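# with the input below, show me the fold.
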Amino acid sequence: MRLFDSIYRYLDERLDLKPLVEFAQHKEVPRHRFDWAYFFGGLTLFFLIVQVCTGILLLLYYRPTDQAAFESVQFIMTRVTFGWLFRSIHSWSANLMILAAFLHMFSVYFMKSYAKPRELTWWTGFLLLALAMGFGFSGYLLPWNKLAFFATRVGTDMVSKVPFVGDWLLHVMRGGDDVTGATLTRFFGIHVAVLPMILAVLVTTHLLLIQKQGMHVPKSLESEASRRPAMKFFPNFSYRELVVWLIGLAVLAVLAAFFPWDLGVKADPFAPAPAGIKPEWYFLFMFEALKKIPATVLGIEGEILGLGVFALGGLFWFLVPVLDRKASRGERSPLFTTIGVMVFAYIAGVTILSLLGVFS
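Alright, predicted model coming up:
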């Protein structure tokens with residue numbers, strides 16, 4: 001304790017920590033029947049921290065070339081002490097982070113926490129989820145195995161369907177006409193440099209907005225929250241958040257230890273694509289829909305139409321704080337709640353059915 005007090009006094013003399021300490025002591029978290037939803041954001045942050053730490057360790061050994069990428073990952077898994085465990089933790093935490101981010105997004109949506117004055121918080125959170133999926137897509141190719149190679153080829157092919165600039169975007173992403181070593185190098189740069197820089201800015205902004213605006217209480221729960229004493233952010237809520245982090249760590253440890261991430265076979269550009277190839281689970285709700293659309297609909301190419309619908313859907317979701325005027329006025333908005341239920345049911349249902357192999 002003396003050492004801690006000495007460190008605190010040293011930092012306080014130079015950084016004036018008293019306002020931050022007073023803010024933490026007075027900050028409160030409302031309590032109601034759905035206050036457990038507040039933990040999803042912190043859980044997403046926890047898995048992000050795990051991603052950063054394990055990613056740095058993997059970066060020490062990884063070589064981003066088509067001749068050495070697969071072998072470097074193989075070296076990590078077989079020769080580096082606990083390398084297989086760190087790679088499994090990195091891969092599983094990426095999936096758990098995206099899952100927690102989706103749950104956080106829907107919990108915010110259903111509690112109408114996007115309403116004025118929290119529009120910026122919603123928009124930065126939306127962009128953070130898109131970045132998380134971008135991390136997943138760019139990192140998927142880095143082991144340079146057969147499944148990742150052909151999945152990336154299929155995924156980048158969709159970019160070519162964008163009207164007017166599709167071919168140019170495809171060439172920029174791949175670094176050529178096909179998925180090659182140049183694509184791997186570009187994805188590596190995007191994964192470890194471009195996306196992390198954007199992520200740092202967005203995470204900082206998102207957290208500052210949350211601290212500034214506080215936790216939102218749904219209109220329907222305001223009377224219940226007013227009857228229950230608020231919870232102190234520190235130490236009460238912080239300790240509960242720590243318990244959630246420990247549960248997340250336990251789940252991550254079990255998955256990484258008992259279901260280690262497989263490396264597969266090295267990519268061969270001249271080999272035939274494996275049958276039934278699919279993207280990662282968080283893209284399945286789009287992938288399965290695009291597969292079911294006919295080749296042409298009213299003279300429009302099916303994939304272009306499908307991508308257009310998903311683009312409009314994403315734009316609608318982004319603009320919900322502006323479109324849902326009732327929530328901005330503190331009123332109930334059953335229409336947007338119904339839309340949210342339908343979107344959640346579609347994404348969850350299609351994803352689960354696809355993972356179970358229901359779709360051929």
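
# what's the longest helix in this structure?
With residue count as the measure and DSSP state H as the assignment, the chain has helix 83-110 as its longest helix.

# tell me the buried residues in the helix or strand following that one?
Tracing the chain C-terminally past helix 83-110 and defining elements by DSSP states H and E, one meets helix 119-140 next. By neighbour count on 16 or more other CB atoms under 10 Å, the buried set for helix 119-140 is 119-129, 131-140. C-betas here are computed from N, CA, C, even on glycine.

# circling back: next, the angle from the longest helix of the chain to helix 119-140.
Orientation check (axes from the mean of the first three to the mean of the last three CA atoms, to 10 degrees): helix 83-110 against helix 119-140 gives 150 degrees.

# how about the helices in the stretch 201-350 of the chain?
Assignment of helices within the stretch 201-350 of the chain using DSSP state H, counting those that start in this stretch yields the ranges 222-227, 238-258, 284-292, 302-318, 320-323, 325-328, 334-355.

# could I get the average pLDDT for stretch 51-62?
Predicted confidence along stretch 51-62 averages 96 (mean pLDDT).

# so what touches that stretch?
69, 72-73, 75-76, 80, 83, 86-87, 89-90, 93-94, 97, 135, 142, 192 (CB atoms under 8 Å, 6 or more residues apart in numbering).

# repeat that for stretch 79-97.
44, 47-48, 50-51, 54-55, 57-58, 61, 73, 75-78, 132, 135-136, 139, 248, 251-253, 255-257, 259-261, 280-282.

# for ChimeraX, what selects the buried ones among these?
With 16+ other CB under 10 Å as the burial test, the buried ones among the contacts of stretch 79-97 are selected in ChimeraX as follows:
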select :44,47,48,50,51,54,55,57,58,73,76,77,132,135,136,139,248,252,255,256,260,261,280,281,282
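
# what about residue 350, neighbour count?
By other CB atoms under 10 Å, 19 other residues sit near residue 350.

# show me the contacts for it.
284, 285, 288, 289.

# residue 9: neighbouring residues, count only.
Counted with other CB under 10 Å, the burial measure for residue 9 works out to 11 neighbours.

# quickly find the element holding it.
helix 2-15.

# check contacts around residue 150.
For residue 150, the residues meeting the contact criterion (CB under 8 Å, 6+ apart) are 267, 273, 274, 277.

# what's the spacing between the second one and residue 153?
According to CB to CB, to the nearest Å, residue 273 stands 8 Å off from residue 153.

# could you do the third one as well?
From residue 274 over to residue 153 the distance is 12 Å, taken as CB to CB.
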